[in-house]
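# coords below, sequence missing:
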């Protein structure tokens, strides 16, 4: 039995979870609405404010989908109640970010600034010039947009310059030493 899959998902007050045919789950909450079509062969039951996910058999595919389905539902519930955010730090001399409406302009040591537009439902805010906070209700979209920003200049191991997550540790390498 999946340890994650067998845990129930509690629906807090103020959140409506609607289960339609074909396992289309729609969650409405104070921060917005999320909808997702989940695997059709998983059994999802909503009873008295608690969602339980069961698998029809012990096939490898069903075992894999059991915990995933429960986690996706939980992420939707948490997203519409609390939301998700990722913090990125820009480290390097002359590296900075600027915000103009929904456009994020990154100056990362290239010959031109990099402009990125915030996706629908995702907002990026700046704290100073070197800290970017990406937030939204969809965990997957928040993580993807933060990864795309980080990919513009990944942290390098010699000086540590680049864009990194705030909790990321960059392993530093020792540079070459000259001959004596």
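The structure has been received and is ready for your questions. Note that the structure is predicted; figures quoted are calculated from it, not measured.

# can we go C-alpha only for contacts and neighbour counts from here?
OK.

# Please look at residue 18 and residue 26 and confirm they touch.
Yes - with contacts defined as Cα atoms under 8 Å, residue 18 counts as touching residue 26 at a distance of 5.1 Å.

# what's the spacing between stretch 31-47 and its chain's center?
In terms of Cα atoms, centre = their mean, to the nearest Å, the centre of stretch 31-47 is found 19 Å from the chain centre.

# Quick check: buried residues in that stretch?
Neighbour-count burial for stretch 31-47, counted by 16 or more other Cα atoms under 10 Å, picks out 32-35, 38-39, 42, 44, 46.

# For those residues, work out which two are farthest apart.
32 and 42 (25.6 Å; Cα to Cα).

# ok so, going back, between residue 18 and residue 26, who's got more neighbours?
For residue 18 and residue 26, the more surrounded residue by other Cα atoms under 10 Å is residue 26, and the numbers stand at 18 against 13.

# quick one: the more buried one and residue 33 touch, right?
Yes - counting by Cα under 8 Å, residue 26 touches residue 33, with 7.2 Å between them.

# ok so residue 46 is a strand residue?
Yes - according to DSSP: H, G, I helix; E, B strand; the rest coil, the state of residue 46 is that of a strand.

# Distance of it relative to residue 108?
Distance, residue 46 to residue 108, by Cα to Cα, to the nearest Å: 49 Å.

# Likewise for residue 34?
Distance from residue 34 to residue 108, by Cα to Cα: 34 Å.

# Now do the phi/psi pair for the most centrally placed residue in the chain.
Geometric centre of the chain, nearest residue: residue 143, 2.8 Å, by Cα atoms, centre = their mean. Torsion angles at residue 143 (phi, psi; degrees, to the nearest 10) stand at phi -60, psi -40.

# who does the residue lying closest to it once chain neighbours are set aside bridge with?
Nearest residue to residue 143 in three dimensions, chain neighbours excluded: residue 86, at 7.2 Å (Cα to Cα, 6 or more residues apart in numbering). When assigned by DSSP bridges, residue 86 has beta-bridge partners residue 134.

# Spell out which residues sit in contact with residue 86, please.
If you count contacts by Cα atoms under 8 Å, 6 or more residues apart in numbering, residue 86 has them with 133-135, 142-143, 146, 165.

# give me that answer again for 7 Å
Residues near residue 86 by Cα atoms under 7 Å, 6 or more residues apart in numbering: 133-135, 146.
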